[in-house]
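> This is a predicted model, with the sequence first.
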There are 2 protein chains.
Amino acid sequence: MSQCKFSVIIDQKYSLDSIKKENDMNKLPDISKDVSQWYNEIVYKAELADQSPVRGCIVIRPYGWALWENIKTVLDKRIKETGHQNASFPLLIPESFIKREAKHVEGFAPELAIVTIAGGKELEEPLVVRPTSETIIHYSFARWIKSWRDLPLKINQWANVVRWEKRTRPFLRTTEFFWQEGHTAHATREEAQEEALLMLNEYINLAQDYLAIPVIAGEKSPTERFAGADITYTFEAIMMDGKALQMGTSHLLSRSFAKSFDIEYQDKEGNLEHPYLTSWGVTTRLIGAIVMTHGDQKGLVMPPRVAPIQVVIIPIYKKDAEQQVRDAVQELYTRLSKEYRVQLDADDSKSPGAKFYEWELKGVPLRIELGPRDVDNKAVMISNRVTGDKTMVKLDAIESEIGSMLDNMHQELFNRAQVKLQGHWNKESKLAIFGPVMDKEAGAYQTGWCGEEECENKLSEFKGTIRCLLKENEFNQCFGCNKSSVRDVLVAKAY
Amino acid sequence: MSQCKFSVIIDQKYSLDSIKKENDMNKLPDISKDVSQWYNEIVYKAELADQSPVRGCIVIRPYGWALWENIKTVLDKRIKETGHQNASFPLLIPESFIKREAKHVEGFAPELAIVTIAGGKELEEPLVVRPTSETIIHYSFARWIKSWRDLPLKINQWANVVRWEKRTRPFLRTTEFFWQEGHTAHATREEAQEEALLMLNEYINLAQDYLAIPVIAGEKSPTERFAGADITYTFEAIMMDGKALQMGTSHLLSRSFAKSFDIEYQDKEGNLEHPYLTSWGVTTRLIGAIVMTHGDQKGLVMPPRVAPIQVVIIPIYKKDAEQQVRDAVQELYTRLSKEYRVQLDADDSKSPGAKFYEWELKGVPLRIELGPRDVDNKAVMISNRVTGDKTMVKLDAIESEIGSMLDNMHQELFNRAQVKLQGHWNKESKLAIFGPVMDKEAGAYQTGWCGEEECENKLSEFKGTIRCLLKENEFNQCFGCNKSSVRDVLVAKAY
């Protein structure tokens, strides 16, 4: 089946021994033992990112940025289809703005980067590099919203934000990161809450239908809410080490934002009212979630619907049929590029073996090998990055075949992640029992909660947090005290 | 022809008198007398932008941002098709980086916004909010470029940058602005220069084929070069008041950048060499150029190929056939949306007259009016924003008809701008003659130049600058002295 692999023009430099040796040197840390170390290496080795000279900031390399662009394209379309318009608000925010909403400043003050000098002079009022844009956007909302006719107002921006984080990790938590932040205003609380839930639902669809990541969604506990929100909805994934990753949030903001920024409109009866506001966002952290959810010992595995490269074509030359193969791969590349994101790796300075290694490391879903025999047979070998299967596919129907392979791969990735999620989902009634084992990568725990902060705080001893409130109500008692449980919660350590 | 206009359900609030009155109040400044004042009002009235609480920064509103997104889509496609990859580099740059290249720091130091406090502490080394990214990108280039095999390296980023400008104007010069900045590295000077010219050419195509703006392109004089460039290519448009607007630039950088950032590679012979670098960019200033080039007394005129809305549909209700019209406009909207960017303005609270006014102000290329008679006749009236012509078009072939109307409008806009450009292009040999009249909106002057900075400096008395060196060599003598001219230059006042 895979004989093509060995029909290589053997060259001392690229003997199988030397490839093996090089691969051993480049070996990734054991993913089953130390996901965290594996992660820290793969993001750089696969060229998603590079280190930067600025504390906590990364360079997002073309391969990583292309992934983000694909995610953006999918989400941006849905943001527009659900009636939002993109706009752009200033990066720099007067310090006094951040201070207007009491809880907001309390939440963000420790993380701010502040411009104090500009144009050679000390500024009278320092400017904050936006950590999020509620305050400056609400300033505009106050200018734009005058009458009930101006509602709902549904705005989104794709932007960079800066939060001076103590501990950073590429994509998962960086000082500067990229995101979209939606900001909307509505006449009623019900409508605003519906909006927050609508966008939560869009995020869940993005995660599940495009990133192939099954998620748990629900409300945050009051202490875990966004600084200044009445309700924060979250969607979380469980990584392979059992830790939770918050993938994004959607908030119904407290009314004090509208009040602090004097957003008022005249309703149909002529009364002045404050609108109800929401905000919601997902970030480049989604890239980290993809890496952590699907990766394996060979490297990344890109979910096919957002993969920067869906198919890589590798020519297998033989000395007497080089031109024939060159023409055939070029023709195939042109054909497939009409429907898919395709890379032709015709670099003569590398052996096919070295290429296989590289594209597996980068997680390209499908690899096509094409040698002289394949030209004759009008068929090619396609290797599946997830299952490792190799399939001989006739060239005449290759487009539709690739289409189904990519769809199946998406489903396969989702199913595998679903199984892992279930494996990490435990149920336990008492913190004393599950607290100590959360540490041992057992995963997340569904348990009961009385609703009191005091019990929630007990989780910190084990570095756990309530990730979200669940719809279920299977536990009668709180995990931390003897009181009745109000509702079940999911507890885990988190990234 | 335009009787539909009057078949309105008349309502006291929307009587023609009251509309006229409102329009008078909203009247734009006379564009033929004061373009500058007209510009300052139209960008806000047409909702391209809004004021912000941050000095020199604007909010780009959905209508302005959609225009930028359309420009981005066109240019991004070409950037990728010409072999560049998008990536993303940190917003904040260590101050020491900016200082590494002597001319670069000299050029940018007065305009820097500087973060001195972050995470509640004073930073050991201040961070500059990027005014441009050569320095931080070259840091990465030094990590990525090791061998001749790594060249050429062709990177682009879409980003926001901050320059603390003394005088600002919406889109034309703002403290924060948006742009793409391309950065490339090449083995030879010839190849780098070709790259700089290739991208200049892409920009010219963008301006002419999409924005309908005829441009003058060429090299900048040494004093007008980018801080640290060996050659700066520019493309400029002449606005309706005869002032030049630099629309974008493309640079062959001086070798000191590669040296300052230790970018070295091993060539095929094994020698260590510094590569040749380029950078090139266009900004949200292009929006200002569109406004200033095509606008008229009624407001904006959007070039059809990048217009946020290409066609607006306005229903003309009559009491006995309201539902019939509602259904017809909805059907037409659905049909046209498949091929064009269409807006259906079915807002019952506004009269057709008020809508005509608004969409003319916003410069939507084509306006379709659809009333009960049109439903019966299976034809609609289409008004052309540029010529004011109204054409009755059969519904069955409306898609292709709109296609040609938009194409013709693009050509018409380009031709009109071309005629204006020629009208502003003067030839004069001596500064003493053309200097004083440049002030009087006569426009740009082609003249001879000896190549000396001393003569170039004489232009400042009249607030003129050399906008670019021309290919022509029609003048024998320098405009400022008695020496021979080296080549012709274009002199003008500039935005």
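Thanks, I have it.
> contacting residues for A:Ala237?
A:207, A:213-216, A:244-245, A:247, A:289, A:293, A:417, A:421 (CB atoms under 8 Å, 6 or more residues apart in numbering or on different chains). Any C-beta I mention is one placed from the backbone N, CA and C, and that applies to glycine too.
> Out of those residues, which sit inside strands?
Of the contacts of A:Ala237, the ones assigned to strands by DSSP state E are A:216, A:244-245, A:247.
> Take the contacts of A:Ala237 and lay them out in a markdown table including distance to B:Asp320, neighbour count and pLDDT.
Formatted as a markdown table, these follow (distance: CB to CB, whole Å; neighbours: other CB atoms under 10 Å in any protein chain shown; pLDDT from 0 to 100):
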| residue | distance to B:Asp320 | neighbour count | pLDDT |
| --- | --- | --- | --- |
| A:Ala207 | 51 | 26 | 98 |
| A:Ile213 | 56 | 28 | 98 |
| A:Pro214 | 56 | 20 | 98 |
| A:Val215 | 53 | 22 | 97 |
| A:Ile216 | 56 | 21 | 96 |
| A:Ala244 | 62 | 24 | 95 |
| A:Leu245 | 61 | 22 | 96 |
| A:Met247 | 55 | 25 | 97 |
| A:Ala289 | 58 | 24 | 98 |
| A:Thr293 | 61 | 27 | 97 |
| A:Ala417 | 60 | 23 | 97 |
| A:Leu421 | 61 | 20 | 95 |
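> Show me what the one helix or strand A:Thr447 maps to is packed against.
For A:Thr447, the host element (DSSP states H and E) is strand A:444-449. Applying 3 or more CB pairs under 8 Å, 6 or more residues apart in numbering or on different chains; DSSP states H and E, we find strand A:444-449 packed against strand A:425-427, helix A:431-438, strand A:465-469, strand A:487-492.
> Point me to the residue sitting closest to the centre of chain A.
A:Leu286 (0.7 Å; CA atoms, centre = their mean).
> Mind checking the helices and strands packed on strand A:444-449 for the one nearest to B:Leu370?
B:Leu370 sits nearest to strand A:465-469 of all these, at 49.7 Å, using CB to CB.
> and the longest helix seen in chain A with strand A:444-449, angle?
If you go by DSSP state H, chain A has its longest helix at helix A:398-423. Interaxial angle of helix A:398-423 relative to strand A:444-449 (axes from the mean of the first three to the mean of the last three CA atoms, to 10 degrees): 50 degrees.
> Check the offset of helix A:398-423 from the chain's centre.
How far helix A:398-423 lies from its chain's middle: 18 Å, per CA atoms, centre = their mean, to the nearest Å.
> Going by neighbour count, list what's buried in it.
A:398, A:401-402, A:405-406, A:409-410, A:413-414, A:416-417, A:420-421 (16 or more other CB atoms under 10 Å in any protein chain shown).
> Stretch A:174-194 too?
A:174-187, A:191-193.
> re earlier: now for the residue nearest to the residue nearest to the centre of chain A when sequence neighbours are not counted: which residues touch it?
Spatial nearest neighbour of A:Leu286, chain neighbours left out: A:Ile71 (5.9 Å); criterion: CB to CB, 6 or more residues apart in numbering or on different chains. Going by CB under 8 Å, 6+ apart, A:Ile71 touches A:206, A:210-211, A:286-287, A:306.
> Could you dump the residues you listed into a markdown table with pLDDT, secondary structure and distance to A:Gly363 added?
Listed next are these as a markdown table, based on pLDDT from 0 to 100; DSSP: H, G, I helix; E, B strand; the rest coil; distance: CB to CB, whole Å:
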| residue | pLDDT | secondary structure | distance to A:Gly363 |
| --- | --- | --- | --- |
| A:Leu206 | 98 | helix | 19 |
| A:Tyr210 | 98 | helix | 15 |
| A:Leu211 | 98 | coil | 13 |
| A:Leu286 | 98 | helix | 15 |
| A:Ile287 | 98 | helix | 12 |
| A:Val306 | 98 | coil | 11 |
